[in-house]
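**Q** The following comprises the amino acid sequence and a computationally predicted model.
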Amino acid sequence: AQKITQTQPGMFVQEKEAVTLDCTYDTSDPSYGLFWYKQPSSGEMIFLIYQGSYDQQNATEGRYSLNFQKARKSANLVISASQLGDSAMYFCAMREDSGNTPLVFGKGTRLSVIA
Amino acid sequence: DVKVTQSSRYLVKRTGEKVFLECVQDMDHENMFWYRQDPGLGLRLIYFSYDVKMKEKGDIPEGYSVSREKKERFSLILESASTNQTSMYLCASSVDRLNTEAFFGQGTRLTVV
């Protein structure tokens, strides 16, 4: 069963606007971590932000914030004040804490920022 | 800086060849992963390893094997390459702590003809 679901294959946003990229996950492990990565056209994978399942507050890193709704099992990425350089693929990923578990990814969302 | 290095950026192989993709990390990470990335399918886990000589199958292990004889090196082996294994292959490594990110290599684009 797919553990990470990203339902938006592609998104467009106007420069300087905020955008939300959706991610839902499925786990029965009470302890887990959620990650977002960015992959520009160059192909490198860039880590953006992390949220732990026991973290009380939503994670923030500069213009990136993670809207973590534990009961709904969602971990949406919010990018504020979009820039042209934000155009890329974005991947949500999860790792469970129950010993020797891998990092699993969703299918990704391609974000295009329009001037 | 953590460095994960994949031996080739681009590779072209013939159907039926045995193919080795090498990945080396320089930060003493316990965990190493091999993914393949295809358009519309995201990153799919082939195999991962949490220690030397330890390996676990991921979601799509068929047609692949792995080797981890030393902590820093994780090799992906295509026993008999087929055209449906044409893809981008990404290696990653991480410390064995939940709240730390994985670091990725630059990827190997493999074409099987």
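**A** Structure received.
**Q** From now on I want contacts and neighbour counts done on CA atoms only, so please keep to that.
**A** Noted.
**Q** Tell me who's in contact with A:Lys16.
**A** Going by CA atoms under 8 Å, 6 or more residues apart in numbering or on different chains, A:Lys16 touches A:80-83.
**Q** now these in TSV, with distance to A:Gly10 and secondary structure?
**A** Formatted as TSV, the contacts of A:Lys16 follow (distance: CA to CA, whole Å; DSSP: H, G, I helix; E, B strand; the rest coil):
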residue	distance to A:Gly10	secondary structure
A:Ser80	18	coil
A:Ala81	18	coil
A:Ser82	15	coil
A:Gln83	16	coil
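**Q** which ones among those residues come in contact with chain B?
**A** On the criterion CA under 8 Å from any CA of the partner chain, none of the entries of the contacts of A:Lys16 sits beside chain B.
**Q** Quickly note the distance from B:Pro61 to chain A.
**A** In this view, B:Pro61 and chain A are 14 Å apart by CA to the nearest CA, to the nearest Å.
**Q** ok now do that residue, which residues does it touch?
**A** Residues in contact with B:Pro61, defined by CA under 8 Å, 6+ apart, are B:46-47.
**Q** of all the residues in chain B, which ones are close to chain A?
**A** Taking CA under 8 Å from any CA as the test, the list of chain B residues beside chain A reads B:33, B:40-45, B:48, B:50, B:98-99, B:101-107.
**Q** Give me the subset of these that lies in strands.
**A** Using DSSP state E, B:33, B:42-45, B:48, B:50, B:103-104 are the members of the residues of chain B next to chain A that sit in strands.
**Q** Report the two of those separated the most.
**A** With CA to CA as the measure, no two of those lie farther apart than B:Gly42 and B:Tyr50, at 22.5 Å.
**Q** The two - which one has more neighbours?
**A** B:Tyr50 (23 against 20; other CA atoms under 10 Å in any protein chain shown).
**Q** which residues touch the closest residue to the more buried one other than its chain neighbours?
**A** Closest residue in space to B:Tyr50, ignoring its immediate chain neighbours: B:Asn31 at 4.3 Å, by CA to CA, 6 or more residues apart in numbering or on different chains. Residues counted as contacts of B:Asn31 (CA under 8 Å, 6+ apart) are B:48-51, B:93-96.
**Q** Let me have these in CSV, extended by pLDDT.
**A** Converted to CSV, these look like this (pLDDT from 0 to 100):
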residue, pLDDT
B:Phe48, 95
B:Ser49, 95
B:Tyr50, 92
B:Asp51, 91
B:Ser93, 95
B:Ser94, 92
B:Val95, 89
B:Asp96, 83
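**Q** May I ask which of these has the most neighbours?
**A** If you rank the contacts of B:Asn31 by neighbour count (other CA under 10 Å), B:Ser93 sits at the top with 30 neighbours.
**Q** any idea how far B:Val12 is from it?
**A** Shown here: B:Ser93 relative to B:Val12, a distance of 25 Å by CA to CA, to the nearest Å.
**Q** Show me where chain B has its strands.
**A** Along chain B, the segments classed as strands by DSSP E run B:4-6, B:10-13, B:19-25, B:31-38, B:42-51, B:54-57, B:64-70, B:73-78, B:87-94, B:103-104, B:108-112.
**Q** Just put those strands in TSV and tack on distance to A:Ile49.
**A** What follows is those, written out as TSV (distance: least, CA to CA, whole Å):
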stretch	distance to A:Ile49
strand B:4-6	20
strand B:10-13	30
strand B:19-25	22
strand B:31-38	20
strand B:42-51	18
strand B:54-57	26
strand B:64-70	29
strand B:73-78	26
strand B:87-94	15
strand B:103-104	13
strand B:108-112	25
